[in-house]
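**Q** any chance you can model this:
(chains A and B)
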There are 2 protein chains.
Amino acid sequence: MADQWIEETLYDNWGQRFRVKQELARTTSPFQDIVVFESESHGRVLLLDGVVQITEGDEFVYQEMLTHVPLFTHAAPRNVLIIGAGDGGVLRRVLEHPGVEKAVMVEIDGAVIELSKKYLPNIAGDAWNDPRAEVIVGDGIDYVTRAADASFDAIIVDSTDPIGVGEVLFTDSFYEHCARVLTAEGLIVNQCGVPFMQADELHETSLRRAKFFPHVSAYVAAVPTYVGGFMTLGIASKGKSPAGQDVAAVRVRAEAAGILGKTQYWTPEIHVGAFNLPPYIAKHLPADKA
Amino acid sequence: MADQWIEETLYDNWGQRFRVKQELARTTSPFQDIVVFESESHGRVLLLDGVVQITEGDEFVYQEMLTHVPLFTHAAPRNVLIIGAGDGGVLRRVLEHPGVEKAVMVEIDGAVIELSKKYLPNIAGDAWNDPRAEVIVGDGIDYVTRAADASFDAIIVDSTDPIGVGEVLFTDSFYEHCARVLTAEGLIVNQCGVPFMQADELHETSLRRAKFFPHVSAYVAAVPTYVGGFMTLGIASKGKSPAGQDVAAVRVRAEAAGILGKTQYWTPEIHVGAFNLPPYIAKHLPADKA
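**A** Modelled structure (predicted):
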């Protein structure tokens, strides 16, 4: 084991590799191949179907931006639906918002939850035991199809890329039901890949969201292990546009929530500034909706 | 050659690899190993001592942010000194500013210039032939040691990391001479690595710059092939602080220069917002100077 490496298999022509300190788990669930290992460089790493999902070293970037941006964009989110995110990191950040009364998390693969609880306990912290949390092992699209109208203020989709088990989370039908189960000012966020490497993903999913939401936008985050410059997080809103927020107002909200000063990536300035897209990314958004 | 890969050797415990379409040059100059190859994913790639310096695919991010930010931060830069940057990409962006009367570029390794002219002609474009350009093959620290006081408005240091041939460009002596040869409102920019992977680099070089400049700050850019989230660009100024600029004023400058709307990453909003550092990066700056 002195010189074991694990290579990500996401792209055909480019790759990243990690030197392995210890392999912790390697299994095949009914949905995907799952590997957890301790790296020399990034702490523990979770791979699904050969693709890096989260590392202990940089998880804060993705989790903070995927959670705090929508929950401080919505005026007063009380009911939050999380789809995917089996490691529990989004659930933990959602529950940091004292105004959240209920967080329902629907993860299709119970093995991801179990392995995360066992090998990545720091990512979710105590979130699993919070009385406001309801964790469901089930199909996200099935859940939103059956959910009542206007039952959530925010939906956070922390999926894999639109291949394999995560593919249905990028369809018309999924977005249509999400729009229906959201309240009047409701919004949905989902990861849209790294445009430099996966240009079509942001474009195609933005067009789909635009069919069901009046405001379709995106913001960026520089996640170390989602390699290729900025990743984009697509955001679509039934109420007002999420772009052009006021830094001071976001800061007031974050201070009242006890979150200001406790983050490692997210700040009120970065929250607002993340909607300023580089032209090479902005060109992938639908022009009339961006 | 059907399945040839080139692996970057920058880090001991993490690496990126590129599938090679064609190897174009492989040589050892008096200063370093140089490889140029055509990748399947990023166009042509230049490696020095095994470290990715530039790719055709993403060079615009680094070049635009390394050049346009200082030149639109200084009120009216006329004389610009570029150190390193043998591919010519910074020179090209500097000369896009019509107010620049003279751009002196000092690159220690003539082989990098020659190979870039031959294999990466799109990166510099016509910059080599611009009458305002003076290209010197020589030692950057030697050049600033001999340069006259107050002879440049801006210095752009596009060096390798502080190992090997680039190490002297991170020393006290180098920064002291840079401060001397800059005009009263002069400023210097240099790459400070990727803090997530190279935390000490920003911290240590910021402390050094703080000895000779009243304002020491940094801004970020998400460069796809400088992997690990944001890279930081250190900026130090003899005049006013470079942070807290006005977006509208930067836009007026960029429009007058004919640069607005012609960039792929830099915009006035991104220019100003790039000084808002995530807390995990801000903590590496000297507190009293940041």
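
**Q** CA atoms for contacts and neighbours, from now on please.
**A** Fine.

**Q** for chain A, what helix or strand is lowest in average pLDDT?
**A** When each helix and strand of chain A is scored by mean pLDDT, DSSP states H and E, helix A:199-210 comes last, with a mean of 89.

**Q** following element in sequence after it, please.
**A** Downstream of helix A:199-210, the next assigned helix or strand under DSSP states H and E is strand A:215-221.

**Q** helices and strands around that following strand, which ones?
**A** Applying 3 or more C-alpha pairs under 8 Å, 6 or more residues apart in numbering or on different chains; DSSP states H and E, one finds that strand A:215-221 makes contact with helix A:59-73, helix A:199-210, strand A:231-237.

**Q** TSV for the ones you listed, including distance to chain B and mean neighbour count?
**A** Written out in TSV, the entries for the helices and strands packed on strand A:215-221 read as follows (distance: least, C-alpha to the nearest C-alpha, whole Å; neighbours: other C-alpha atoms under 10 Å in any protein chain shown):
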stretch	distance to chain B	mean neighbour count
helix A:59-73	9	23
helix A:199-210	13	20
strand A:231-237	10	26
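
**Q** quick one: contacts for A:L95?
**A** The neighbours of A:L95, taking C-alpha atoms under 8 Å, 6 or more residues apart in numbering or on different chains as the test, are A:A103, A:A127, A:D130, A:R132, A:A133.

**Q** what's the closest non-adjacent residue to the last one?
**A** Taking C-alpha to C-alpha, 6 or more residues apart in numbering or on different chains, and ignoring the residues beside it in sequence, A:A133 has A:A103 as its nearest neighbour in space, at 4.9 Å.

**Q** does that neighbour touch A:E134 like I think?
**A** Yes. Using C-alpha atoms under 8 Å, A:A103 is in contact with A:E134, at 6.2 Å.

**Q** so which of the two has more stuff around it?
**A** The residue with more neighbours, out of A:A103 and A:E134 and counting by other C-alpha atoms under 10 Å in any protein chain shown, is A:A103; that gives 24 against 15.

**Q** the domain parsing of chain A - what is it?
**A** Here the domain parsing of chain A from automatic domain parsing is A:5-55, A:59-282.

**Q** quick one, which of these is packed in tightest?
**A** Of all the domains of chain A, domain A:59-282 carries the top mean neighbour count, a mean of 20, counting by mean count of other C-alpha atoms under 10 Å in any protein chain shown.

**Q** how far is it from where the chain is centred?
**A** Relative to the chain's own centre, domain A:59-282 is displaced by 5 Å; criterion: C-alpha atoms, centre = their mean, to the nearest Å.

**Q** what about it, how long is it end to end?
**A** Using C-alpha to C-alpha, to the nearest Å, one end of domain A:59-282 lies 25 Å from the other.

**Q** secondary structure of the residue nearest to A:A133: a helix, I assume?
**A** No. Counting by DSSP: H, G, I helix; E, B strand; the rest coil, A:A103 is located in no helix; its state is strand.

**Q** can you pull the pLDDT of A:G164?
**A** Here, the pLDDT recorded for A:G164 equals 63.

**Q** ok, now the one 5 residues further on?
**A** Model confidence at A:L169, given as pLDDT, is 76.

**Q** grab the nearest non-local neighbour of it.
**A** Closest residue to A:L169 apart from its sequence neighbours, by C-alpha to C-alpha, 6+ apart: A:I141 at 6.8 Å.

**Q** spell out the secondary structure type for the residue nearest to A:T73 when sequence neighbours are not counted.
**A** Taking C-alpha to C-alpha, 6+ apart as the measure, A:T73 lies nearest to A:P242, with 6.4 Å between them; neighbours along the chain are not counted. Reduced to three states with three-state DSSP, the structure at A:P242 is coil.

**Q** over to the one 10 residues further on?
**A** Of the three states, A:V252 takes helix according to three-state DSSP.

**Q** what does A:T160 give?
**A** The assignment at A:T160 comes out as coil when based on three-state DSSP.

**Q** what strand or helix carries the residue nearest to A:L169?
**A** Per DSSP H and E: A:I141 is located in helix A:140-146.

**Q** about what we covered before: so the residue nearest to A:L169 touches A:F174, yeah?
**A** Yes. Counting by C-alpha under 8 Å, a contact exists between A:I141 and A:F174, whose distance comes to 5.8 Å.

**Q** what sits against whichever residue of the stretch 51-200 of chain A sits closest to chain B?
**A** Taking C-alpha to the nearest C-alpha as the measure, the point where the stretch 51-200 of chain A comes nearest chain B is A:F196, at 7.4 Å. Residues in contact with A:F196 (C-alpha under 8 Å, 6+ apart) are A:G228, A:G229, A:F230, A:I281, B:P224.

**Q** how about the third one: what's its closest non-neighbour residue?
**A** Once its chain neighbours are removed from consideration, A:F230 has its nearest residue in A:A222; the separation is 4.6 Å (C-alpha to C-alpha, 6+ apart).

**Q** can you name the residues bridging to the residue nearest the centre of chain A?
**A** When chain A is reduced to its mean C-alpha position, the nearest residue by C-alpha atoms, centre = their mean turns out to be A:D158, at 3.4 Å. According to DSSP bridges, A:G84 are recorded as the beta-bridge partners of A:D158.

**Q** wait, isn't it in contact with A:G84?
**A** Yes. Under the criterion of C-alpha under 8 Å, A:D158 makes contact with A:G84 at 5.1 Å.

**Q** chain A against chain B: which residues are in contact?
**A** Within chain A, the positions lying close to chain B (C-alpha under 8 Å from any C-alpha of the partner chain) are A:13-19, A:40-41, A:196, A:222-225, A:227-230, A:263-267, A:269-270, A:273, A:276-280.

**Q** so how far is stretch A:277-284 off the chain centroid?
**A** When distances are taken as C-alpha atoms, centre = their mean, stretch A:277-284 is centred 20 Å away from the chain's centroid.

**Q** ends of that stretch, what's the gap?
**A** For stretch A:277-284, the first-to-last residue distance is 10 Å (C-alpha to C-alpha).

**Q** nothing else from me, thank you.
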